[in-house]
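S.K.: give me the fold of what follows.
(chains A and B)
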Protein chains: 2
Amino acid sequence: MSASSPGSDSHSVLLGTETPLQLDCGVTLGAIRMAYCTYGSLNADKSNAILICHALTGDQFAASRQPLTGKDGWWDLMIGPGKILDTDKYFIVCSNVLGGCMGTTGPSETDPKTGKPYGLNFPIITIGDMVRAQVLLQDYLGIESWFSVIGGSMGGMQTLQWAAAYPERVFSAIPIACAARHSAQNIAFHEVGRQAVMADPNWQGGDYYASGRKPTSGLAVARMAAHITYLSEAALHRKFGRNLQDRENLTYGFDADFQVESYLRYQGINFVDRFDANSYLYITRAMDYFDLFTDNNGNLASAFEGTKTRFCVVSFSSDWLFPTSENKQIVHALITAAANVSFVEVETDKGHDAFLLDTPEMLKTIDGFLQSSARSRGLVS
Amino acid sequence: MSASSPGSDSHSVLLGTETPLQLDCGVTLGAIRMAYCTYGSLNADKSNAILICHALTGDQFAASRQPLTGKDGWWDLMIGPGKILDTDKYFIVCSNVLGGCMGTTGPSETDPKTGKPYGLNFPIITIGDMVRAQVLLQDYLGIESWFSVIGGSMGGMQTLQWAAAYPERVFSAIPIACAARHSAQNIAFHEVGRQAVMADPNWQGGDYYASGRKPTSGLAVARMAAHITYLSEAALHRKFGRNLQDRENLTYGFDADFQVESYLRYQGINFVDRFDANSYLYITRAMDYFDLFTDNNGNLASAFEGTKTRFCVVSFSSDWLFPTSENKQIVHALITAAANVSFVEVETDKGHDAFLLDTPEMLKTIDGFLQSSARSRGLVS
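M.R.: This next block holds a predicted model:
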């Protein structure tokens, strides 16, 4: 049975019933539901667990068929028997983030106080809160420390947050294509996306769930704008250039004459079927708020002082959303903190999305790092 | 009286009454209205005229108060007595492009066939069509050849088109921060903007003029997305970074906590008061269609073969919308065509918008080029 079979590896649990989740914004959330998938088996001493943190629009179905789209898991190429995240060797956990829309508590879920979906009554959450929720899950699973925490983009932010806030719970950490704080340009792109959602009259101030009308047009525009930032200029040129879509000549109209237009429209339209617009607002906001510099009075190194976690930082040469320079800030801080850190800038023209794609140098880097970490952890292959 | 005084230099003329404008899409437009501003005086042999081509959201008020915003002209720093585009020496002409919304025939103007605004019945126009309309204006003014044609961004595309299509009418040409064809990434950003406009229910298929409702929300989102591309990551970091807007702490909400959000919202809101949404669709489309490579069977050099026009190509090191590499393609083609060409990549972190700003190396470059061209043209200072 391939790791992509649906259902059997999908779980949901109520957490924080005894110690409710205390959020950065000051609000206390009651019990939260956490939806997650697991692959492989936890070993006897619970030392082989890997937590995968997903990106902004990702979900827990890292290696399972996504129930809404029917598509294979978003990191199928990484996870499975004999693969880099080897399910014959590791116990892999991937949970839907707090604020998400695939079963974990978020703005589309029912507010126990009102019996209706939260909408904008959901409190603002942070990357720190997402990780706090994952800590509850770690405790629930009885795992003292993750063998590794890994993630790209916002998943990389969570990975950094894990290592900074809970070093003793993280044996190794692999933040990929991320930053220790969200840049002005990235906040700007997120703000455009949020304004696109909020400009859609079907958004209705976030209270759209019962109306039968959803802000799909605005969310599609948000997705289209964001999607451009996930690719490099070179990748767009290589994939599409100025090629025309199923036509010989320009049509002198506003149809999608160019393949790149058709591709973007497709990305927008498909996204809205699987994602909640309010979740998009909340999760982009969490990324905007992420700032490990300010959290540590401007000194990023102090976030990792005395850490025993081993780090492997990976960036992509053509990633302009989280450029190598920002990944290097993390590396420099880790070096200053005398942490054990490897760093690789992968040469690729694929842009930010390279972490989701078959990018050989990335795969080789993570594979080598995990194998050496496994030896240190005393995991027998 | 400063060049920024409104009114006296603003003109409007009906053109193409005898030889109607033949558009690239195959449609013949009847007489077109052309709105333009002039500064300085045409000399006796009409050899001192400079045509300024404006960018996507620019207008003819290059050095006049903009009537809708009350703001100074967008190129005031360049135009005036003793300035680089010296109104004591040159006769400066700047016309609103075909398809525009400041008085030149465009989708918001009345269709003589129906007596109502064109809306989407306006034919698709190209950069070639914009220049054809400007040729009518040149003839109307009795100017045999422009001493110089100059423009940044889409203004640079028009400048290239002028030089390629009407070399004998252009003594010198200064294309700034542009490309000989619009890239896949740039088409993608334009498509996001168009989809944002069209997603606004107030757009009403483009037929919104009589309804009293305009697609201002969608147009504001389009402007916000575009505005990010006009600045560099470095400029956004320098201007805003993660600074908060009029507050000490994060508010844990969707207000504009960050200055960069507040700035972008301001850019969006202000734009819709002075620009027509349909014009935005048509003009972005014209830029997307621009491709001097394909127009010349893939050989850009042949567009300029035998040209006597002198060229000065200017790019900006931090411009990621029209990066230096794309400006260099123009330079290489001109060199291959044995044209007289200067090229300067201006070192600046200001991004694409540097052509509108006080960018000393750009000013010095253009000044030097114009002075040497004036000597060649026999213009006495």
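S.K.: when you work out contacts or count neighbours from here on, use the C-alpha atoms and nothing else.
M.R.: Will do.
S.K.: strands of chain A, start to end?
M.R.: According to DSSP state E, chain A carries its strands in the segments A:10-15, A:21-22, A:28-29, A:32-39, A:49-53, A:79-80, A:85-86, A:91-95, A:110-111, A:116-117, A:148-152, A:172-176, A:310-316, A:340-346.
S.K.: highest mean neighbour count out of those?
M.R.: The densest packing among the strands of chain A, expressed as mean neighbour count by mean count of other CA atoms under 10 Å in any protein chain shown, is seen in strand A:172-176 with a mean of 28.
S.K.: pipe the strands of chain A into JSON lines and attach mean pLDDT and distance to chain B per row.
M.R.: Conversion of the strands of chain A to JSON lines gives the following (pLDDT from 0 to 100; distance: least, CA to the nearest CA, whole Å):
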{"stretch": "strand A:10-15", "mean pLDDT": "96", "distance to chain B": "24"}
{"stretch": "strand A:21-22", "mean pLDDT": "94", "distance to chain B": "14"}
{"stretch": "strand A:28-29", "mean pLDDT": "94", "distance to chain B": "14"}
{"stretch": "strand A:32-39", "mean pLDDT": "98", "distance to chain B": "20"}
{"stretch": "strand A:49-53", "mean pLDDT": "98", "distance to chain B": "23"}
{"stretch": "strand A:79-80", "mean pLDDT": "98", "distance to chain B": "32"}
{"stretch": "strand A:85-86", "mean pLDDT": "98", "distance to chain B": "34"}
{"stretch": "strand A:91-95", "mean pLDDT": "98", "distance to chain B": "24"}
{"stretch": "strand A:110-111", "mean pLDDT": "94", "distance to chain B": "18"}
{"stretch": "strand A:116-117", "mean pLDDT": "96", "distance to chain B": "18"}
{"stretch": "strand A:148-152", "mean pLDDT": "98", "distance to chain B": "21"}
{"stretch": "strand A:172-176", "mean pLDDT": "98", "distance to chain B": "20"}
{"stretch": "strand A:310-316", "mean pLDDT": "98", "distance to chain B": "17"}
{"stretch": "strand A:340-346", "mean pLDDT": "98", "distance to chain B": "20"}
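S.K.: would you format those strands as TSV with distance to B:H190 included?
M.R.: TSV is the format used below for the strands of chain A (distance: least, CA to CA, whole Å):
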stretch	distance to B:H190
strand A:10-15	40
strand A:21-22	43
strand A:28-29	42
strand A:32-39	38
strand A:49-53	33
strand A:79-80	37
strand A:85-86	40
strand A:91-95	36
strand A:110-111	38
strand A:116-117	35
strand A:148-152	28
strand A:172-176	30
strand A:310-316	26
strand A:340-346	30
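S.K.: who are the neighbours in contact with the nearest residue to A:A339 once chain neighbours are set aside?
M.R.: On the basis of CA to CA, 6 or more residues apart in numbering or on different chains, the spatially nearest residue to A:A339 that is not a chain neighbour turns out to be A:T307, at 6.2 Å. Contact partners of A:T307, counting by CA atoms under 8 Å, 6 or more residues apart in numbering or on different chains, are A:P167, A:A337, A:A339.
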